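**Student:** give me the fold of what follows.
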Amino acid sequence: MAAIKTIPLLVMMLLIAMITGCASNQDLMAEYGPLSCPVETVVVESEVAVERDAYFRYNMDKLDWRQSVYFASGQSRLRGPDETQVAVNIKTLNRYPIFNVLIKGFTDSVGSTEFNAKLSMRRVLSVSELLKEKGIQGGRIYISALGEQAPLNGDLTAADRAVNRRVDMVLLGPNETDDFETLAEFLGETVTPDVNATSVGSTSATPADNQLQ
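**Tutor:** Numbering: from 1, shown residues only. This next block holds a predicted model:
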């Protein structure tokens, strides 16, 4: 008889323990939003995501990658040595399709601001089009034309201006371009996917073909 009375008591104790556990989750939810019970599952997923991102970042740093190519004054055509630099990146992107690329165009301060905005976009597109010709899908390419807005070392000397006449190619991990608006916010500049050769300047989106006219 005593054993029969013990069973309901054990059941009640288990129920109290479960309610107490979920109550702690409710406290967390009030502060951090919806959270499943038990908490350990969420923590493990977060640790896995962090480790995965760290893994990709570590391996990206070891890849063969060329950061910049340079242009003659007022020009947007890639020269031979710079095409070779881009070819290295094309090989890496083709070998590792999980990675994407951000192409950023710059100019020196020679010429009007409007001219330089268009020139930087033409430089971006010369690199972007070469990537697509060699098999890199437009959906993996993000573009940003900054014109003369971001000189690297000032723009006072001929050497400074030569460095500013460039396109930077930034290798992006698989989680860095899930939302290009978030990417743009992180970079502090306007960024757009190059899926349909659509580009943006410092203000609003414009078809890239119009920039070439």
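**Student:** does the closest residue to Asn164 other than its chain neighbours sit in a helix, a strand or a coil?
**Tutor:** Taking Cβ to Cβ, 6 or more residues apart in numbering as the measure, Asn164 lies nearest to Asp108, with 4.4 Å between them; neighbours along the chain are not counted. Every C-beta, even on glycine, is put in place using the N, C-alpha and C of the backbone. The three-state label given to Asp108 by DSSP: H, G, I helix; E, B strand; the rest coil is coil.
**Student:** next, give phi and psi for Lys104.
**Tutor:** The main-chain torsion angles of Lys104 are listed as degrees, to the nearest 10 and equal phi -120, psi 130.
**Student:** mind listing what it touches?
**Tutor:** By Cβ atoms under 8 Å, 6 or more residues apart in numbering, the residues touching Lys104 are Val124, Ile143, Ser144, Ala145, Leu146, Val167, Asp168, Met169, Val170, Glu189.
**Student:** adding pLDDT, neighbour count and distance to Ser68 as columns, could you present the residues you listed in TSV?
**Tutor:** Formatted as TSV, the entries for the contacts of Lys104 read as follows, by pLDDT from 0 to 100; neighbours: other Cβ atoms under 10 Å; distance: Cβ to Cβ, whole Å:
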residue	pLDDT	neighbour count	distance to Ser68
Val124	97	26	13
Ile143	93	26	15
Ser144	93	25	14
Ala145	94	30	15
Leu146	94	21	13
Val167	97	27	7
Asp168	96	18	5
Met169	95	23	7
Val170	92	15	10
Glu189	54	17	17
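**Student:** name the nearest residue to Asn94, sequence neighbours excluded.
**Tutor:** Gly135 is the one closest to Asn94 (Cβ to Cβ, 6+ apart), at 5.9 Å.
**Student:** and the one you found, how many residues sit next to it?
**Tutor:** One way to gauge burial is a neighbour count; for Gly135, by other Cβ atoms under 10 Å, it gives 10.
**Student:** farthest-apart pair in the contacts of Lys104, please.
**Tutor:** The most widely separated members of the contacts of Lys104 are Met169 and Glu189, with 15.2 Å between them, by Cβ to Cβ.
**Student:** ok, back up a step: the residue nearest to Asn164 contacts Glu148, correct?
**Tutor:** Yes. The pair Asp108 and Glu148 passes the contact test of Cβ atoms under 8 Å, sitting 6.6 Å apart.
**Student:** overlap of the contact sets of these two?
**Tutor:** Contact criterion Cβ under 8 Å, 6+ apart; residues shared by Asp108 and Glu148: Asn116, Asp155, Asn164.
**Student:** how about the contacts made by the second one?
**Tutor:** For Asp155, the contacting residues are Asp108, Ser109, Glu148, Arg161, Asn164, taking Cβ under 8 Å, 6+ apart as the criterion.
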